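Colleague: Give me a model of this one.
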Amino acid sequence: MSGRVSAVIRRTVLALGALAAVASLSSCSTFSRSDTVASVDDQEMSRTQLDSFTDGNTTGDAARLAIGRWLQVAAVGADLSDITTLEELQAAAEEASAELAEPFLGEAEAAYALGLDGSPALCLGAVLLDETTDPQEVIDAMQGGMSLADAALQWSADPALAEAGGIVTDQNGTSCLATDGGVNPDVLGQLGAAGAVPGIPVEVQLPNSKAVVVIREWDDLAKQEQVKVLPSVQTQVAAEVNARIQGANVFVDSRFGQWDAATGTVVPFTSK
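Modeller: Numbering: from 1, shown residues only. Sure thing, here's the model as predicted:
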């Protein structure tokens, strides 16, 4: 069970990438409040919620991991009153991340619109073709309104890429790649030669096959992808997250552990 908790927890941290900035919290209590496991301001995590997050494993690392992530997500403003599963906690984290990023995304959108003429990152989609498929057929279909995901499902010679909806990622799963160093230089050159702009698919020759590649349009990007286009936006979101967390009033029941402000985690309780 602890492996499942850890896996979902890691995704929650990625969704709220700026939560790495939780180096200091303004307040932390560790006494018992009956059925309340933990709280942030006016939001409380019940024992029932903890049981559901950990399948009843409410001792040790599994409990502390779940409580710690719940505290982080609640501190940035997510409504967790009806959250009963780790998957729902992950979704709440993503929603909170998107809401925090919204005020800062105008600058990132303007930068991304520059495409090959200045965007610091490109979020690419691709349909890898076998030798029997005419690239122009795929291009025509996509320009006629077929989505990248549908085109990849119909024509992609790479099952993994088809399953990913045609979204190109690096070995770390990053889908918005730095224009300088993150995108294969040969592919970048071919995109430039073809005059590629966001939303317009073009043919690209790869070492062993052809592909139809598209710079994905801004509105097709998830908020978490949009945040990663411009480093300054990530910095702004991190600052907002940190400000909210620093202003939060945090409580942890000492039966489960205590809040460690330095690491932003719940650790075993030690009396002082």
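Colleague: Could you tell me which ranges of this protein sit under the pLDDT cut-off?
Modeller: For the chain, the stretches with pLDDT under 70 are 1-34, 262, 271-272.
Colleague: quick one, longest strand in it?
Modeller: Among the segments of the chain that qualify as a strand by DSSP state E, the longest is strand 121-129.
Colleague: So what's the gap between that one and the chain middle?
Modeller: Distance of strand 121-129 from the chain centroid (C-alpha atoms, centre = their mean, to the nearest Å) equals 19 Å.
Colleague: same deal with stretch 84-98?
Modeller: From the chain centre to the centre of stretch 84-98 is a distance of 11 Å (C-alpha atoms, centre = their mean).
Colleague: Only the C-alpha atoms, please, for that stretch, written as CSV.
Modeller: The C-alpha trace of stretch 84-98 is given here as CSV (Å, rounded to 0.1, in the frame of the first residue of the first chain):
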residue,chain,number,x,y,z
THR,A,84,-11.7,10.6,-0.1
THR,A,85,-9.1,9.0,-2.5
LEU,A,86,-5.5,9.7,-3.5
GLU,A,87,-6.7,10.1,-7.1
GLU,A,88,-9.1,12.9,-6.0
LEU,A,89,-6.3,14.5,-4.0
GLN,A,90,-4.2,14.5,-7.2
ALA,A,91,-7.0,16.1,-9.2
ALA,A,92,-7.5,18.8,-6.5
ALA,A,93,-3.7,19.5,-6.6
GLU,A,94,-3.8,19.9,-10.4
GLU,A,95,-6.8,22.2,-10.2
ALA,A,96,-5.2,24.3,-7.5
SER,A,97,-2.0,24.6,-9.5
ALA,A,98,-4.0,25.7,-12.5
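Colleague: circling back: same question for the very next helix or strand once past the longest strand of the chain: list its buried residues.
Modeller: Helices and strands here follow DSSP states H and E; after strand 121-129, the next one along the chain is helix 135-143. Buried positions in helix 135-143, judged by neighbour count with 16 or more other C-beta atoms under 10 Å: 135, 138-139, 141-142. Quick note: C-beta positions are derived from backbone N, CA and C, even for glycine.
Colleague: And the contacts of the longest strand of the chain?
Modeller: With C-beta atoms under 8 Å, 6 or more residues apart in numbering as the test, strand 121-129 has contacts from 112, 115-116, 135, 138, 148, 151-152, 155-158, 161, 165-168, 175-179, 182-183, 204, 206, 209-216, 221, 225, 228-230.
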